[in-house]
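In: prediction below, plus the sequence it came from.
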Number of protein chains: 2
Amino acid sequence: MTHYKLAFLGFGNVGKALARLLMEKRADIHNHYGVTFSVTAIATGRHGSAIDPEGIDLQAALEVQDYTSLSRLTPPVDAFDFIQRCGADVLFENSPVNYETGQPAADHLRLALEMGMHALTANKGPVVHAFRELTDLAKARGRKFYFESTVMDGAPIFSLFRETLPAARLLSLRGVLNSTTNMILTRMEQGESFEQAVAYCQQIGIAETDPSGDIDGWDASVKVAALVTVMMGVPFKPQQVERQGIRAITKEKIELARSQGKRWKLVCSAIREGQQVKARVAPELVGPDSPMYGVNGTTSIVQFETDVLGLLSVVEADPGPHTTAYGLLADFLNAVR
Amino acid sequence: MTHYKLAFLGFGNVGKALARLLMEKRADIHNHYGVTFSVTAIATGRHGSAIDPEGIDLQAALEVQDYTSLSRLTPPVDAFDFIQRCGADVLFENSPVNYETGQPAADHLRLALEMGMHALTANKGPVVHAFRELTDLAKARGRKFYFESTVMDGAPIFSLFRETLPAARLLSLRGVLNSTTNMILTRMEQGESFEQAVAYCQQIGIAETDPSGDIDGWDASVKVAALVTVMMGVPFKPQQVERQGIRAITKEKIELARSQGKRWKLVCSAIREGQQVKARVAPELVGPDSPMYGVNGTTSIVQFETDVLGLLSVVEADPGPHTTAYGLLADFLNAVR
């Protein structure tokens, strides 16, 4: 029986969903993995922070407006002070991140590893900007740097290769990895204009006020860069992805595609070329012979070509904060078992 | 650095493909997993058997007509004598099996575990007939009973749940798991008669002379029973699956489906109902909104509904003896790492 102390850096929708999931699965985790846990620290940007070495009541944390009220020790002055004093074995890093630098998340994760914690995150930034460094540091400290939820939410993608496909070499990949653009294209097929479809995505909370990060293929490029970096072992920046968004896909193009039995998808792809990798995000026409054809709305898919299997695809439907939270829980259990 | 001695019980298409894969990946396995290996024994029903504690030359084994010529010790008199004297750490069990009893494969695997070997198989029979017993025995001996290749060839299905989806509870599953019937339905959509499509499958080697095991849904039922037994934790026999094959699917029905934008698929399904599981294999109409719609020919798919993610599907294209062999290699590396 082993006990782990957990710290949450960031406690938004994903952090709260993870707290609920931890409460729900507490008995299961105890019975099946011999693991118990307590949450010793929660830090937020605007709602205060708490450190309690004896354990914070998660139900109370889900109900209070300011976490400072739950703190037994002096609340931390900033994220670094928090990591140094949280006393945890595992850090869940879900703070706001700058995708162009991966900061400050990468620095948070580095400090956590240096302090001897497992460093787990749903932030893509640190993966594309600091994967090698953080992975090497984790190995040197006997800890794990895991990030399952950064691509396709909690669906097993990185762990699929790490745990279930030993000695496989990834040759190429293709997929639909951005939910927002896929929802926009699906709604346009159903008759909405581009503007109407964007407004719908904003209304259901999957598009930002400025939706250009999704629409121009930037989010998809970050995901492709993360997959290439980790699974092909070739450091790759989002800026290296040949990128084209969906602004050129008009209702007329969608109608024409439909009359030919095809659909437009924002396809992510990467292929090895010698020692290099060529990666691309661009709209492509797909037919019913492709597993991408049936991928609607917020569903996502990735197809892997390896040297040992035929095409292997993973499809994930109905993502949300709870599935991202599950990826973090899986990272925790995979890190400690 | 650890050295493992491997024994092959059965050396047909899959065994030979595994031998080739082992040779091809030898350096990789050494470099990435710190594992070296030698093959100390090969047994076949009709081409003799060999035991050589100093290691059999795999290239030679792929070329000879009778393995007895490669034996340094007295060749074994039967499979049980072989297992007792093979001196291996890992048994790859791929001998002919009776699906109604799982024998003699289950007895082979039991003996191997009792002798302290990891017991790995591509045979479905022992999974549906002896999963609990062999898994408990393996645990008691500190060894593994793995069988990744029994469903969807080498694609990670059992290891997906075992390794990447900790604390997830499988609520239901749906899939297309029999390649032969899916190829027959695909060919019939392209205009062939049922008889022509069956003949094509026989010609490319994916249907038996008597194709009824596939056509009547028996193979699919064994696979569903294996998934339910292992992944839902409910012992389930193929005979408990409500089973209907594809004989009633005429060209007329296929045409009618096409005119409605749908396709017939032999769908496997299982769902928890309280403490019980209800499982079924039957033709169903699927539309373009389903990931099953784009599954053609020998491609297969399984969709999992869990309590932690949305629908998660795995799709595998282009199976063959080499992909089944990869599943066995993955089992080996997962067992020893």
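Out: Received, thanks.
In: just the endpoints, please. Distance across stretch A:182-196?
Out: 14 Å (CA to CA, to the nearest Å).
In: give me the contacts around that stretch.
Out: Outside stretch A:182-196, the residues within contact range by CB atoms under 8 Å, 6 or more residues apart in numbering or on different chains are A:176, A:197-198, A:200-201, A:206, A:215, A:246-247, A:249-251, A:254, A:258, A:263-266, A:295-300. Just so you know, the C-beta spots here come from the backbone N, C-alpha and C atoms, and that holds for glycine as well.
In: give me the ChimeraX select line for those, limited to the buried ones.
Out: Filtering the contacts of stretch A:182-196 down to the buried ones (16 or more other CB atoms under 10 Å in any protein chain shown) takes a single ChimeraX command:
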select /A:176,197,198,201,206,215,246,249,254,263,264,265,266,295,296,297,298,299,300
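In: which ones, among the contacts of stretch A:182-196, also lie beside chain B?
Out: Applying CB under 8 Å from any CB of the partner chain, the subset of the contacts of stretch A:182-196 adjacent to chain B comprises A:295-296.
In: filter the contacts of stretch A:182-196 down to the ones in strands?
Out: The strands, defined by DSSP state E, take in A:176, A:263-266, A:300 from the contacts of stretch A:182-196.
In: closest one to chain B out of those, please.
Out: Relative to chain B, the closest of the ones in strands among the contacts of stretch A:182-196 is residue A:263; by CB to the nearest CB it sits at 8.8 Å.
In: surely that closest one is in contact with residue A:257?
Out: Yes. Using CB atoms under 8 Å, residue A:263 is in contact with residue A:257, at 6.0 Å.
In: name the residues contacting each of the two.
Out: In terms of CB under 8 Å, 6+ apart, residue A:263 and residue A:257 are both contacted by the residues residue A:285.
In: around chain B, pick out the residues from the stretch 51-200 of chain A.
Out: Neighbours of chain B within the stretch 51-200 of chain A, by CB under 8 Å from any CB: A:153-156, A:159-160, A:163-168.
In: sort out which residues of stretch A:312-332 are buried, please.
Out: A:312-317, A:319-332.
In: returning to that earlier point: greatest separation within the residues of the stretch 51-200 of chain A next to chain B: which pair is it?
Out: Greatest spatial distance in these: A:153 and A:167, 27.3 Å, computed using CB to CB.
In: chain A: strands as residue ranges?
Out: So, for chain A - with DSSP E - the strands run A:2-9, A:35-43, A:49-51, A:90-93, A:118-121, A:145-146, A:170-176, A:242-243, A:263-273, A:276-286, A:300-306, A:312-316.
In: for residue A:36, give me its contacts.
Out: Contacts of residue A:36 were listed using CB under 8 Å, 6+ apart, and they are A:1-4, A:26, A:29-30.
In: how close does it sit to chain B?
Out: Between residue A:36 and chain B the distance is 14 Å, computed by CB to the nearest CB, to the nearest Å.
In: any idea what that residue is bridged to?
Out: Assessed by DSSP bridges, residue A:36 has beta-bridge partners residue A:3.
In: if we can go back for a sec, among the buried residues of stretch A:312-332, which are in helices?
Out: Those of the buried residues of stretch A:312-332 mapping onto helices are A:321-332, per DSSP state H.
In: closest to residue B:306 out of those?
Out: Distance to residue B:306, by CB to CB, is smallest for residue A:326 among these, at 8.7 Å.
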